[in-house]
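Student: Sequence and predicted structure, then a few things I'm wondering about:
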Amino acid sequence: MSDHDYNRLALQEACDKDIIEEIDLVGVTSDPSCKEQKVNWDHTPIKNKSKKKMKLQEPECNEDTANAILRAIGELNTKMDNQTIILKSIEKRIEANTVAIEVNKTAISELQASVNLLKKENSAEDFL
(Lines give C-alpha, C1' and ligand atoms only; values in the text may rest on other atoms or scores of the structure.)
Protein backbone atom coordinates (compact mmCIF):
# COMPACT_ATOMS: atom_id res chain seq x y z
CA MET A 1 0.00 0.00 0.00
CA SER A 2 1.55 3.34 -1.01
CA ASP A 3 1.49 6.50 1.10
CA HIS A 4 -1.65 7.90 -0.49
CA ASP A 5 -3.77 4.78 -0.90
CA TYR A 6 -5.82 5.76 2.14
CA ASN A 7 -7.24 8.74 0.17
CA ARG A 8 -8.56 6.47 -2.54
CA LEU A 9 -9.91 4.01 0.01
CA ALA A 10 -11.74 6.79 1.85
CA LEU A 11 -13.31 7.95 -1.39
CA GLN A 12 -14.37 4.46 -2.24
CA GLU A 13 -16.04 4.07 1.12
CA ALA A 14 -17.82 7.43 0.79
CA CYS A 15 -19.05 6.96 -2.78
CA ASP A 16 -20.39 4.19 -4.90
CA LYS A 17 -17.63 1.90 -6.05
CA ASP A 18 -18.98 2.03 -9.61
CA ILE A 19 -18.34 5.78 -9.88
CA ILE A 20 -14.73 5.85 -8.72
CA GLU A 21 -12.21 4.56 -11.23
CA GLU A 22 -8.96 3.02 -10.19
CA ILE A 23 -5.93 4.73 -11.67
CA ASP A 24 -3.58 2.20 -13.19
CA LEU A 25 -0.10 3.35 -13.94
CA VAL A 26 1.10 1.37 -16.92
CA GLY A 27 4.78 0.98 -17.77
CA VAL A 28 6.03 2.62 -14.59
CA THR A 29 9.23 1.62 -12.89
CA SER A 30 9.20 0.68 -9.24
CA ASP A 31 11.46 3.63 -8.35
CA PRO A 32 9.34 5.97 -6.14
CA SER A 33 11.28 9.04 -7.24
CA CYS A 34 10.65 8.39 -10.92
CA LYS A 35 8.77 11.25 -12.58
CA GLU A 36 6.88 8.86 -14.85
CA GLN A 37 5.24 7.33 -11.78
CA LYS A 38 4.05 10.68 -10.43
CA VAL A 39 2.53 12.01 -13.65
CA ASN A 40 -1.00 11.07 -14.64
CA TRP A 41 -0.70 11.13 -18.41
CA ASP A 42 -4.45 11.04 -18.91
CA HIS A 43 -4.72 14.58 -17.55
CA THR A 44 -1.40 16.04 -18.70
CA PRO A 45 -1.37 17.91 -21.99
CA ILE A 46 1.41 16.95 -24.36
CA LYS A 47 3.36 19.64 -26.18
CA ASN A 48 2.74 19.74 -29.90
CA LYS A 49 5.92 18.62 -31.63
CA SER A 50 5.09 20.36 -34.88
CA LYS A 51 5.18 24.09 -34.27
CA LYS A 52 2.53 26.17 -35.94
CA LYS A 53 3.76 28.51 -38.59
CA MET A 54 2.61 32.04 -38.09
CA LYS A 55 1.37 33.92 -41.08
CA LEU A 56 3.41 36.94 -41.96
CA GLN A 57 1.18 39.92 -42.07
CA GLU A 58 2.19 42.73 -44.30
CA PRO A 59 1.17 46.06 -42.88
CA GLU A 60 -1.48 47.41 -45.19
CA CYS A 61 -1.78 51.13 -44.78
CA ASN A 62 -4.24 52.48 -47.26
CA GLU A 63 -4.64 56.20 -47.44
CA ASP A 64 -8.38 55.72 -47.04
CA THR A 65 -7.86 53.89 -43.76
CA ALA A 66 -5.45 56.49 -42.45
CA ASN A 67 -7.78 59.31 -43.47
CA ALA A 68 -10.72 57.55 -41.83
CA ILE A 69 -8.76 57.18 -38.61
CA LEU A 70 -7.72 60.83 -38.65
CA ARG A 71 -11.30 61.89 -39.35
CA ALA A 72 -12.55 59.77 -36.45
CA ILE A 73 -9.93 61.25 -34.13
CA GLY A 74 -10.97 64.76 -35.19
CA GLU A 75 -14.63 63.97 -34.52
CA LEU A 76 -13.79 62.58 -31.10
CA ASN A 77 -11.79 65.70 -30.28
CA THR A 78 -14.74 67.96 -31.19
CA LYS A 79 -17.09 65.79 -29.12
CA MET A 80 -14.75 65.99 -26.15
CA ASP A 81 -14.51 69.78 -26.55
CA ASN A 82 -18.31 70.02 -26.60
CA GLN A 83 -18.57 67.83 -23.51
CA THR A 84 -16.01 70.01 -21.73
CA ILE A 85 -18.05 73.13 -22.51
CA ILE A 86 -21.21 71.45 -21.22
CA LEU A 87 -19.45 70.33 -18.03
CA LYS A 88 -18.16 73.86 -17.40
CA SER A 89 -21.68 75.28 -17.79
CA ILE A 90 -23.02 72.67 -15.36
CA GLU A 91 -20.27 73.57 -12.92
CA LYS A 92 -21.23 77.26 -13.13
CA ARG A 93 -24.89 76.40 -12.48
CA ILE A 94 -23.91 74.32 -9.46
CA GLU A 95 -21.89 77.22 -8.05
CA ALA A 96 -24.81 79.61 -8.64
CA ASN A 97 -27.19 77.19 -6.93
CA THR A 98 -24.81 76.91 -3.97
CA VAL A 99 -24.78 80.68 -3.56
CA ALA A 100 -28.58 80.83 -3.89
CA ILE A 101 -28.96 78.13 -1.24
CA GLU A 102 -26.84 80.14 1.22
CA VAL A 103 -28.89 83.29 0.53
CA ASN A 104 -32.14 81.35 0.99
CA LYS A 105 -30.91 79.83 4.26
CA THR A 106 -30.21 83.26 5.73
CA ALA A 107 -33.54 84.60 4.48
CA ILE A 108 -35.41 81.63 5.95
CA SER A 109 -33.65 81.97 9.29
CA GLU A 110 -34.51 85.71 9.39
CA LEU A 111 -38.15 84.96 8.53
CA GLN A 112 -38.28 82.22 11.18
CA ALA A 113 -36.94 84.67 13.76
CA SER A 114 -39.56 87.26 12.83
CA VAL A 115 -42.32 84.62 12.98
CA ASN A 116 -41.16 83.60 16.45
CA LEU A 117 -41.11 87.25 17.54
CA LEU A 118 -44.64 87.83 16.21
CA LYS A 119 -45.86 84.67 17.96
CA LYS A 120 -44.45 85.94 21.26
CA GLU A 121 -46.08 89.35 20.76
CA ASN A 122 -49.36 87.70 19.85
CA SER A 123 -49.29 85.43 22.88
CA ALA A 124 -48.41 88.38 25.14
CA GLU A 125 -51.44 90.34 23.88
CA ASP A 126 -53.71 87.40 24.58
CA PHE A 127 -52.74 87.45 28.28
CA LEU A 128 -53.42 91.14 28.65
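Tutor: Yep, it's here.
Student: Show me the shaky parts of the chain.
Tutor: Across the chain, the ranges flagged by pLDDT under 70 are 1-61, 127-128.
Student: switch to 80 and redo it
Tutor: Residue ranges of the chain with pLDDT under 80: 1-63, 125-128.
Student: ranges for the helices of it?
Tutor: Remark: helices assigned in the chain by DSSP state H are 5-14, 35-38, 63-127.
Student: Let's have the ones you listed in CSV, adding mean neighbour count.
Tutor: From N, CA and C alone the C-beta is placed, and that goes for glycine too. Listed next are the helices of the chain as CSV, based on neighbours: other CB atoms under 10 Å:
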stretch, mean neighbour count
helix 5-14, 10
helix 35-38, 10
helix 63-127, 10
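Student: residues in contact with residue 77?
Tutor: Under the criterion of CB atoms under 8 Å, 6 or more residues apart in numbering, residue 77 has no contact partners.
Student: Could you check how far it is from residue 71?
Tutor: For residue 77, the distance to residue 71 (CB to CB, to the nearest Å) stands at 11 Å.
Student: Please apply the same query to residue 125.
Tutor: Distance check for residue 125 against residue 71: by CB to CB, it reads 80 Å.
Student: and what of residue 117?
Tutor: Residue 117 sits 69 Å away from residue 71, going by CB to CB.
Student: Residue 116 too?
Tutor: As judged by CB to CB, residue 116 and residue 71 stand 67 Å apart.
Student: and residue 83, how far is that from residue 109?
Tutor: 39 Å.
Student: Likewise for residue 89?
Tutor: Computed as CB to CB, the residue 89 to residue 109 distance reads 31 Å.
Student: And residue 100, by the same measure?
Tutor: Distance from residue 100 to residue 109, by CB to CB: 15 Å.
Student: With residue 102 instead?
Tutor: Distance, residue 102 to residue 109, by CB to CB: 11 Å.
Student: and what of residue 75?
Tutor: As judged by CB to CB, residue 75 and residue 109 stand 51 Å apart.
Student: Residue 103 now?
Tutor: Counting by CB to CB - residue 103 and residue 109 are separated by 11 Å.
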